[in-house]
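*Asks:* I would like to see how this sequence folds:
(one chain, ligands or ions: 3)
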Amino acid sequence: MTYDNLTLHTDKYQINMMYAHWIHGTLNHKAVFEVFFRKLPFGNGYAVFAGLERIVRYVNSLHFDDAAIQYLSEQEEQYDPAFLDKLRGFRFGGNISSVEEGTIVFPNEPLIRVEATIFEAQLLETAMLNFMNFQTLIATKASRIRQVAPDDTLMEFGTRRAQEADAAIWGARASYIAGFDATSNMRAGMLFGIPSKGTHAHAWVQSNDSEEIAFERYAEALPNQVTLLVDTYDTLRSGVPNAIKIAKQMELKGKRMGGIRLDSGDLAYLSKTARTMLDEAGLSYVVIVASNDLDENIIFNLKAQGAKIDSWGVGTQLITAADQPALGGVYKLVAREKDGELVPVIKISGNPEKVSNPGRKDVFRIVSRETGKAVADYVALTGENEVQQGKKLKLFDKVHSYIYRYVDNYDAKPLLTPIFVDGRQVYELPTLDQIRSHHQQQLALFWPEYLRKLNPAEYPVNLSTTAWELKMDLIHQYQA
Ligand SMILES: Nc1ncnc2c1ncn2[C@@H]1O[C@H](COP(=O)(O)OP(=O)(O)OP(=O)(O)O)[C@@H](O)[C@H]1O
Ligand SMILES: O=P(O)(O)OC[C@H]1O[C@H](OP(=O)(O)OP(=O)(O)O)[C@H](O)[C@@H]1O
Ligand SMILES: O=C(O)c1cccnc1
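*Replies:* Ligands and ions are numbered 1, 2, ... in the order given. Next up, the predicted model:
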């Protein structure tokens, strides 16, 4: 069965809560939800926000079609048929603001804000988190890999190991946002305009009578772009010498071999030796590609060992974010309509880190006018004007509030951009290349201490005094 409508791509409890609001006549009460995560993945110092394009497409496409209504009518909840009629007319009519894709983001700041009827806002939670959590996770992983190989070619090779087809293509896109150069996935290439690249598999060599014949025939078929996999039988004794032979034959025809690929064994030793062999044969233009369960740590290590690798194919570890396979982004109610007014709400938890920040908020990146570098992100309640007016701000530690400093002479860049207003898309989706360059500009805003891969400095995300006081007031109210 193929069924592309994502409206039921939600948890049942959302539908049940919508139903309960409908039953009690509270469905049109206004609600404000915010998306944020509490902990950075991979021990990284930042995350790379991604997923917005998918969210925009999803919100625009929301509608309960006949098949969805039929399915809902068969549930053990026995929803009232009048509720199902209500769903038939469902369209998202609220506001969504979001951080733009490629933006560097941090824990405990609002990344997406949804303001709508509780009925509408509740439906969106699951799918939005699904898209944002996965794509942000993969973009962050890709960014770490880019950091250790700033000048090399990075190819995303993960489709065969990805958690199914959507993860493969949206993961390829997230990797490209964060600085990968290409993907092996042709569908991702076609859908998103990501450059696609490929070498060949061991099967190509095995399906020919010899390695040399395999190389010759491959180079004949693809004379303008050929990278030969040299490790099927014996990398240094057979693969590299055969590749050199073919490269020389290509030169006679006025062609140049692209590269060789190493996919097993000691990649540092093999690449250095292969580089020497190629150079001695006058083939310094032939690049060395490596693959085989690579991640940022192995690549960093290989570079430290002096490996002569120009191009990296990274699959499993990237597309599955193997060392941390989920980002814990959440969708929390921060304000609701009560007696016709929007009032802030809080979620109390035994774990102090999980107590939510109440109230409808905005987030600003405070950039020093002296250095051009980001100083802190500042989370303020909507309507607080100090930050927009460039007034002196008090930045205090959220755990030890007696530790504080002041900033002035800054630019405050709002991170949340209006995407939907009254259900209408007001944001023009940028091209993928615009998103990539936005990401590069974002990186340039931060001191390297926040960006380093190992034990990065913690970038401050500060609550405004007013937002902090609101939180304390609500905590005290609940305790009383
Ligand atoms: N010089 C090196 N330093 C650190 N790690 C390396 C080095 N060379 C290769 N690796 C990594 O070591 C891991 C283990 O390689 P493994 O021994 O499985 O490769 P292999 O010999 O190709 O085996 P297989 O054929 O099963 O892939 C891989 O993730 C690979 O990227
Ligand atoms: O190692 P990853 O980072 O996941 O990158 C993708 C892997 O997929 C291929 O191996 P596979 O054994 O599936 O096929 P092959 O015959 O082409 O080597 C390729 O050779 C890479 O090793
Ligand atoms: O093109 C390649 O070399 C490739 C593509 C996908 C997976 N492994 C390798």
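*Asks:* measure the residue in the stretch 101-250 of the chain that ligand 2 sits nearest to to residue 157 for me?
*Replies:* Proximity of the stretch 101-250 of the chain to ligand 2 (C-beta to the nearest ligand atom) peaks at residue 201, 3.3 Å away. Bear in mind the C-beta positions are built from the backbone N, C-alpha and C, glycine included. For residue 201, the distance to residue 157 equals 11 Å [C-beta to C-beta, to the nearest Å].
*Asks:* so the two - more neighbours on which side?
*Replies:* residue 157 (24 against 12; other C-beta atoms under 10 Å).
*Asks:* pretty sure the more buried one sits against residue 188.
*Replies:* No - judged on C-beta atoms under 8 Å, residue 157 makes no contact with residue 188 at a distance of 11.7 Å.
*Asks:* returning to what we had before: so what's the residue nearest to the residue of the stretch 101-250 of the chain closest to ligand 2 when sequence neighbours are not counted up against?
*Replies:* Using C-beta to C-beta, 6 or more residues apart in numbering and skipping residues adjacent in sequence, the residue nearest residue 201 is residue 229, 7.0 Å away. In this structure, residue 229 makes contact with 199, 200, 201, 202, 204, 205, 239, 260, 261, 263, judged by C-beta atoms under 8 Å, 6 or more residues apart in numbering.
*Asks:* can you list phi and psi of the residue of the stretch 101-250 of the chain closest to ligand 2 for me?
*Replies:* The phi and psi torsions at residue 201 (degrees, to the nearest 10) take the values phi -100, psi 170.
*Asks:* just the one 4 residues further on next, same as before
*Replies:* Here is the backbone geometry of residue 205 (degrees, to the nearest 10): phi -70, psi -50.
*Asks:* so what's it up against?
*Replies:* So residue 205 contacts 211, 214, 215, 229, 232, 233 (C-beta under 8 Å, 6+ apart).
*Asks:* check residue 285 too.
*Replies:* Contacts of residue 285 by C-beta under 8 Å, 6+ apart are residue 256.
*Asks:* mind checking the SS state of it?
*Replies:* coil (DSSP: H, G, I helix; E, B strand; the rest coil).
*Asks:* got it, and residue 255?
*Replies:* Once three-state DSSP is applied, residue 255 turns out coil.
*Asks:* distance of it relative to residue 215?
*Replies:* 13 Å.
*Asks:* neighbour count: the two, which is higher?
*Replies:* A count of neighbours by other C-beta under 10 Å puts residue 215 above the other of residue 255 and residue 215, at 28 against 15.
*Asks:* counting contacts, what elements does the helix or strand where residue 212 lies pack onto?
*Replies:* Using DSSP states H and E, residue 212 sits in helix 211-221. When contacts are defined as 3 or more C-beta pairs under 8 Å, 6 or more residues apart in numbering; DSSP states H and E, helix 211-221 sits against helix 202-206, strand 227-229, helix 240-252.
*Asks:* so which bits of that helix are buried?
*Replies:* 211, 212, 214, 215, 216, 218, 219 (16 or more other C-beta atoms under 10 Å).
*Asks:* residue 261 reaches residue 292, doesn't it?
*Replies:* No - shown here, residue 261 and residue 292 do not form a contact pair, counting by C-beta under 8 Å, at 9.7 Å.
*Asks:* more neighbours, these two?
*Replies:* A direct count of neighbours by other C-beta under 10 Å for residue 261 and residue 292 places residue 261 higher, at 22 against 16.
*Asks:* where do the helices sit along the stretch 301-450 of the chain?
*Replies:* 316-319, 432-444, 448-451 (DSSP state H, counting those that start in this stretch).
*Asks:* residues from the chain in reach of ligand 1?
*Replies:* Counting by C-beta under 6 Å from any ligand atom, the chain comes close to ligand 1 at 264, 265, 266, 267, 268, 292, 293, 294, 298, 301, 302, 305.
*Asks:* and the pLDDT for the residue lying farthest from the centre of the chain?
*Replies:* The centre of the chain is farthest from one residue, residue 252, which by C-alpha atoms, centre = their mean lies 45.8 Å away. On the pLDDT scale, residue 252 is placed at 97.
*Asks:* let me know the closest of the buried residues of helix 211-221 to ligand 3.
*Replies:* residue 218 (12.0 Å).
*Asks:* pLDDT score assigned to the closest one?
*Replies:* 98.
*Asks:* residue contacts, it?
*Replies:* 200, 204, 226, 228.
*Asks:* ok, the second one - contacts?
*Replies:* Put plainly, it is residue 204. Per C-beta under 8 Å, 6+ apart, neighbours of residue 204: 214, 218, 229.
*Asks:* again, only this time at 7 Å
*Replies:* Going by C-beta atoms under 7 Å, 6 or more residues apart in numbering, residue 204 touches 214, 218.
*Asks:* circling back to that earlier point, residue 112: which of the buried residues of helix 211-221 is nearest?
*Replies:* Distances from residue 112 to those, taken as C-beta to C-beta, are shortest for residue 218 (46.9 Å).
*Asks:* list the residues that contact both of residue 261 and residue 292?
*Replies:* If you check residue 261 and residue 292 against C-beta under 7 Å, 6+ apart, no residue is contacted by both.
*Asks:* ok so, going back, quick check: bridge partners of the residue nearest to residue 201?
*Replies:* residue 261 (DSSP bridges).
*Asks:* where does the prediction get shaky in the stretch 151-300 of the chain?
*Replies:* Nowhere does the stretch 151-300 of the chain drop to pLDDT under 70.
*Asks:* repeat the analysis, applying 90 as the threshold.
*Replies:* Across the stretch 151-300 of the chain, residues meeting the criterion (pLDDT under 90) sit at 225.
*Asks:* gap between the strand or helix carrying residue 477 and the chain center?
*Replies:* Using DSSP H and E, residue 477 maps to helix 465-479. Remark: helix 465-479 is offset 33 Å from the chain centroid, using C-alpha atoms, centre = their mean, to the nearest Å.
*Asks:* so which of the residues of the chain next to ligand 1 would count as near ligand 2 as well?
*Replies:* 292, 293, 294.
*Asks:* which residue is the nearest non-sequential neighbour of the first one?
*Replies:* Right, the one you point to is residue 292. Closest to residue 292 by C-beta to C-beta, 6+ apart is residue 263, at 5.1 Å.
*Asks:* number of residues surrounding the closest residue to ligand 2 within the chain?
*Replies:* Per C-beta to the nearest ligand atom, residue 315 is where the chain lies closest to ligand 2, at 2.6 Å. Neighbours of residue 315 under the rule other C-beta under 10 Å: 20.
*Asks:* of all of the stretch 151-300 of the chain, which residue lies closest to ligand 1?
*Replies:* Taking C-beta to the nearest ligand atom, the stretch 151-300 of the chain has residue 264 as its residue nearest ligand 1, at 2.6 Å.
*Asks:* need the pLDDT of the closest residue to residue 117 other than its chain neighbours.
*Replies:* The shortest distance from residue 117 to any non-neighbouring residue, by C-beta to C-beta, 6+ apart, is to residue 28 (4.9 Å). Residue 28 carries a pLDDT value of 98.
*Asks:* great, nothing more from me.
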